[in-house]
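>>> sequence and predicted structure are below.
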Amino acid sequence: MQHILIAEDDQKITRVLELQLKYAGYHTVAVSDGKAAVSYALAHDCDLILMDVMMPELDGITAAKHIKSIKPRQAIIILTAKDDLDDIITGLDAGADDYVTKPFIFDELLARIRANIRKYAPLQSEEIHEQIIYDDLVIDPLTFEVSRDHQAIELSKTEFDLLRYLVINREIVLTREQILDQVWGFDYYGSPNIVDVYIKYLRDKIDRPFERKLIQTVRGRGYVIK
């Protein structure tokens, strides 16, 4: 049974989440402050964390950042009442994999939970490949290491998955919808603008420090590496 940590200080919301997730087949543990969330997450293996932003002791953004710094493959969905792009970007910058704004539709939240747990599922043996090399870019699917021109580049799990998908399909223009389906999952219900946000993250790390730019925008269609 998959294990979800609920970090939420509103007891009514926590109770609803516990009941709904139990009915959906998940095991849950709930904490009501950010420090407790960090302590539990570092001491236990969780398939996913639902992290409220506004919590006592330690806010959810700071808690998520601390957890990701130690367990970078921990799936985290931020729960926030603030439907504001700046808050969303702050959460993603902290390492969160996704976000849901309150009030939320549970079926949508459940779809995002499934998609994000699937991202961190262990690779099947047939999915493990040798290093992927394009130009001076090297991607190692086994160690999740990336380098360009022999310089190591640190990427989040989502950034790594996005880059790998782009490179495997190099020279092919990929639409936002295709990228969402393959990187975030076919049942992802969030805004397609998240693709643009992560493309910017990749460009800052993969292209900006180097003379040759690999990630290209094809106006009105999508993105391509060439």
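Everything's here; your move.
>>> distance from the helix or strand of the chain with the lowest mean pLDDT to the middle of the chain?
Across the helices and strands of the chain, mean pLDDT, DSSP states H and E gives its lowest value to helix 85-93, namely a mean of 79. With C-alpha atoms, centre = their mean, to the nearest Å as the basis, helix 85-93 stands 12 Å off its chain's centre.
>>> report pLDDT for the most centrally placed residue in the chain.
By C-alpha atoms, centre = their mean, the mean C-alpha position of the chain lies nearest to Asp97, the distance being 2.3 Å. Per-residue confidence (pLDDT) for Asp97: 89.
>>> i'd like the first residue to be 4 from this point on
Noted, 4 is the first residue going forward, which turns the last one into Asp100.
>>> does it touch Thr161 like I think?
Yes - at 5.9 Å, Asp100 and Thr161 qualify as touching, with contact defined as C-beta atoms under 8 Å. All C-beta atoms are positioned from the backbone trio N, CA, C, and that covers glycine.
>>> who touches both of these two?
Lys122 (C-beta atoms under 8 Å, 6 or more residues apart in numbering).
>>> ranges for the strands of this structure?
Under the criterion DSSP state E, the chain carries strands at the ranges 6-10, 30-34, 51-55, 79-83, 101-104, 135-137, 140-143, 148-151, 154-156, 218-221, 225-228.
>>> give me whichever of these is most buried.
Across the strands of the chain, the average number of neighbours (mean count of other C-beta atoms under 10 Å) peaks for strand 51-55, which reaches a mean of 27.
>>> so what strands line up beside that strand?
strand 6-10 (parallel), strand 79-83 (parallel) (DSSP bridges).
>>> mind putting those into a markdown table with mean pLDDT?
Converted to a markdown table, the strands paired with strand 51-55 look like this (pLDDT from 0 to 100):
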| stretch | mean pLDDT |
| --- | --- |
| strand 6-10 | 96 |
| strand 79-83 | 91 |
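>>> dump the ones you listed into a markdown table; add distance to Arg117 as well.
As requested, the strands paired with strand 51-55 are exported to a markdown table (distance: least, C-beta to C-beta, whole Å):
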| stretch | distance to Arg117 |
| --- | --- |
| strand 6-10 | 11 |
| strand 79-83 | 11 |
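>>> low-confidence ranges, the chain, go.
85-88, 124-132, 189-193 (pLDDT under 70).
>>> what helices or strands is the least confident helix or strand of the chain leaning on?
When contacts are defined as 3 or more C-beta pairs under 8 Å, 6 or more residues apart in numbering; DSSP states H and E, helix 88-96 sits against helix 63-73, strand 79-83, strand 101-104, helix 196-205.
>>> what's the most buried one of these?
Sorting the helices and strands packed on helix 88-96 by mean neighbours (by mean count of other C-beta under 10 Å), the first place falls to strand 79-83, with a mean of 24.
>>> neighbouring contacts of stretch 97-109?
16, 23, 54, 64-65, 67-68, 70-72, 75, 78-86, 91, 94-95, 111-112, 115, 118-119, 122, 159-161, 187, 193.
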